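[1] give me coordinates for this.
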Amino acid sequence: MRNIHLLALLLWLPFTVKAAERTAGINVDSRVKYQHVSGFGGFSPSPQWAYWLNDTQMNTLFGKADSQLGLNIVRLYIANNKSGWSASVANAKAAKRNGAFIFASPWSPPAEWKSNGSDSNGGELLEEHYADWANFLNDYYKYMKGQGVTIDAVSIQNEPDWNASYQSCIWTGEKMAKFIREYGHLIECKIIAPEAIHFSKNIHEPILNDPEACNRLDIVGGHFYGWDGSSYPLAAEKGKEVWMTEYLINERQEQNGININWKDDGFLFARSVNDAMLANMSAWVHYSLNRYYGCLGDGKYGTKDNVITKRGYILSQYAKYVSGNTRIKHSVTDDTGKLTASAYISDNGETVTVMIINPSADNYTTTLTLPFYTLQGKKIVTTENKNAQKSDISTDGETYNPQVDIEAYSVNTFVFTKSGDRTDLPETGEDSGTLIFSDRFASYGASCIPEGWRSKSEEGYREAGNYSLGPRIMGFSAEGDMQYAFYFRTGSSAFGYVSYGEKTGHRLTLKPGKYTLAYSVVGWKTTPAVKAAIQTASAKSIKTLDSKPENFISANGSSVRITNSTEYSLDFEIETEGNYLLKWIMPASNSGYNEALLGNVRLMYHGDGTGIGQTVTDSNDSQIVKIYNMQGQRVPQLQNGINIVVRANGSVTKILKER
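    Residues are numbered from 1 along each chain as shown. Prediction:
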């Protein structure tokens, strides 16, 4: 009987399960740069809410003091009657006093300009009123300027692809391109478009592919409702920043009437912001700022009225320490696969910021590998019990490998200051030799076959184009070995392959000499044999390499991190100058499919000289149809330094552009 009482007492006593202590590593490489980050902010307010923020609230949100959030982008609502414009003046002035970028979005043109005669839901803007609408938007800009505040940009339409039950107006991408092309010049500030609800490419790509409309468009904006996690390479190719301009995460609270939970909500929110950065977006703009799901609470679902929320502190860590920087390459070594991160460098190269999100119950001792030496840094962390808490980090002498602690269930910002240059930077992963062709498939987005590439499977040949199933480019987490990879397969009837240079207009022109073809392969659901081949234009093989990947994965998407691909290199020699193709062949399968992923394709030349075919000081060469930097990323124009170019005749050469 006493033993029973003792057991009951032990069961009653409170106890805590100690968090697991783990190790991880994050390598930061500033030599590989991605997008410039303009900032972070929110909406004040949407048309549904009959209030605007007061100066105290605006200062809390946009002020730069330690007790303020430091947001730097505000989105305003453009009423479709001019009598409603005065309501946004005070918020606009307060935002400008705090140095914020201001853009404004309309929900619907006036009823008399629409096809359904309603200023409420649906309908299209009649083309005979395109000029009226452009002047209307510009009148808002001029009105605000007359009130003493300059609006930086206006949007053409909020969610043009959503026939909402509230104010809305429907546009196709082609019609919006026509509007911007023919009437965009009437708008005196920057233009943001199209602000599609799902960030759909079929809405903004017609604008980007229209030279005049593209020239008048300043920022590609879109919303995250149903976003598929992809990046927008066409926008980068055209030199446009991509902004996430609205997202509302509150389904659980309103559907179930439950309070916000840090372990669920905090990391759903943080991951959304970080995913946008990893998808090369330059801004992240939340929905209404002063709501239980905003940066200031309203007293509902566990928030306190006008008190900064956890979401507010998380967004503040990005706004204060990432805005104005450029995202750079990073990789995560984490056996649990739970940590996610992003890294940034200041314009002067003197500071590096690393964001680390830990949504797990484990603690991590994490080694950061920085691109420079440091003596000091600072940590900013938000947990269930801490709100953007700051502390200093002192290293034991100069180091490029500081160790940092990552608490369970935490969102962390680490900022390190440069104390000296590194002279021992490792190779970037490129093999020795002169890079003459490179494709990491990062310039196209998912669900396509890029120009110049071809795939053959049991279904037949696939040329350049968009495909939702079968052989195509797949997207993965930017933190892995391959963010994008070419998925290809074969069935039981005949071998399948993926190739570059097979199409007449996209041959690789190689001169005599020694070369190395480097690439990465990972299996899909199994580890099939993959044979790499260098072939002549008539498909005669010069050299082959059997490469069976050591590992496989079985899912794709922005949350899947490829950390187990196998790297291969094939050395070969060309005796006769001519056109050649690269091919990866997979044998037929006796049961089901053989499937694999190919990525990180690079071709190096080991001959004399630099491999540079031409030195230029400008970009005026109409025969150049594609330009890549030395990391294999497609760029819109020749960059200072070495470029890989594809000409209209399919030849691939290198150009040195001098300042």
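[2] and the residue lying closest to residue 648 once chain neighbours are set aside, how many neighbours?
    Of all residues not flanking residue 648 in the chain, residue 623 sits nearest, at 4.9 Å (CB to CB, 6 or more residues apart in numbering). All C-beta atoms are positioned from the backbone trio N, CA, C, and that covers glycine. The number of residues packed near residue 623 is 10, by other CB atoms under 10 Å.
[3] could we number from 43 for the rest of this?
    All right, first residue 43 from here; so that's residue 665.
[4] distance of residue 665 from residue 692?
    According to CB to CB, to the nearest Å, residue 665 stands 11 Å off from residue 692.
[5] same deal with residue 252?
    Computed as CB to CB, the residue 252 to residue 692 distance reads 26 Å.
[6] same deal with residue 377?
    Distance of residue 377 to residue 692, computed by CB to CB: 45 Å.
[7] neighbour count winner among these two?
    Counted by other CB under 10 Å, residue 377 and residue 692 do not tie: residue 692 has more neighbours, with 17 against 9.
[8] I'd say the more buried one and residue 544 touch.
    No - contact criterion CB atoms under 8 Å: residue 692 and residue 544 do not qualify, at 10.7 Å.
[9] give me the buried positions along the strand or helix carrying residue 222.
    Assigned by DSSP states H and E, residue 222 belongs to helix 215-225. Neighbour counts using 16 or more other CB atoms under 10 Å place 215, 217-225 of helix 215-225 among the buried residues.
[10] ok but residue 297 is inside a helix, no?
    Yes - the assignment for residue 297 (DSSP: H, G, I helix; E, B strand; the rest coil) places it in a helix.
[11] local confidence estimate at residue 223?
    Residue 223 carries a pLDDT value of 98.
[12] which ones are touching it?
    By CB atoms under 8 Å, 6 or more residues apart in numbering, the contact set of residue 223 is 252, 254-255, 258.
[13] residue 510 now?
    residue 489.
[14] and the gap between it and residue 533?
    According to CB to CB, residue 510 stands 19 Å off from residue 533.
[15] try residue 620
    Distance from residue 620 to residue 533, by CB to CB: 33 Å.
[16] same question for residue 381.
    Distance from residue 381 to residue 533, by CB to CB: 38 Å.
[17] who's more crowded, those two?
    residue 381 (24 against 17).
[18] distance check, the more buried one against residue 419.
    Counting by CB to CB - residue 381 and residue 419 are separated by 18 Å.
[19] then residue 450?
    As for residue 450, its distance to residue 419 is 21 Å (criterion: CB to CB).
[20] which one of the two has more residues nearby?
    The neighbour count for residue 450 versus residue 419, taken as other CB under 10 Å, is higher for residue 419 (22 against 16).
[21] give me the helices and strands touching the strand or helix carrying that one, please.
    Using DSSP H and E, residue 419 falls within strand 414-424. Helices and strands touching strand 414-424, as assessed by 3 or more CB pairs under 8 Å, 6 or more residues apart in numbering; DSSP states H and E, comprise helix 352-363, strand 431-441, strand 452-463.
[22] could you tell me the least trusted of these?
    Ranked by mean pLDDT, the helices and strands packed on strand 414-424 bottom out at strand 431-441, which scores a mean of 94.
[23] run the angle between that strand and strand 452-463 for me.
    Between the axis of strand 431-441 and that of strand 452-463 there is an angle of 30 degrees, by axes from the mean of the first three to the mean of the last three CA atoms, to 10 degrees.
[24] enumerate the positions of the helix or strand following strand 431-441 that are buried.
    Later in the chain than strand 431-441, the nearest helix or strand by DSSP H and E is strand 445-448. Residues of strand 445-448 classed as buried by neighbour count (16+ other CB under 10 Å): 446, 448.
[25] ok, residues contacting the lengthiest helix in the chain?
    Criterion DSSP state H: the longest helix present in the chain is helix 172-188. If you take CB under 8 Å, 6+ apart as the criterion, helix 172-188 is touched by 120, 124, 127, 130-131, 134, 146, 148, 151-152, 155, 167, 192-193, 196, 198, 220-221, 224-226, 228-231.
[26] next one: stretch 437-447
    With CB under 8 Å, 6+ apart as the criterion, stretch 437-447 contacts 405-419, 421, 435, 454, 456, 458, 461-462, 464.
[27] of the residues you listed, buried ones?
    Buried, going by 16+ other CB under 10 Å: 405-406, 408, 410-417, 419, 421, 435, 454, 456, 458, 461, out of those.
[28] wait, doesn't residue 104 sit right on residue 134?
    No - assessed by CB under 8 Å, residue 104 is found out of contact with residue 134, at 11.4 Å.
[29] of the two, who's got more company?
    Neighbours of residue 104 and residue 134, each counted by other CB under 10 Å, are more numerous for residue 104; the result is 28 against 23.
[30] residue 207 - how many residues pack around it?
    8.
[31] now the residue positioned nearest the centre of the chain: closest residue in space that isn't a chain neighbour?
    Note on the chain: the residue nearest the mean C-alpha position is residue 321, at 1.1 Å, using CA atoms, centre = their mean. Spatial nearest neighbour of residue 321, chain neighbours left out: residue 273 (4.3 Å); criterion: CB to CB, 6+ apart.
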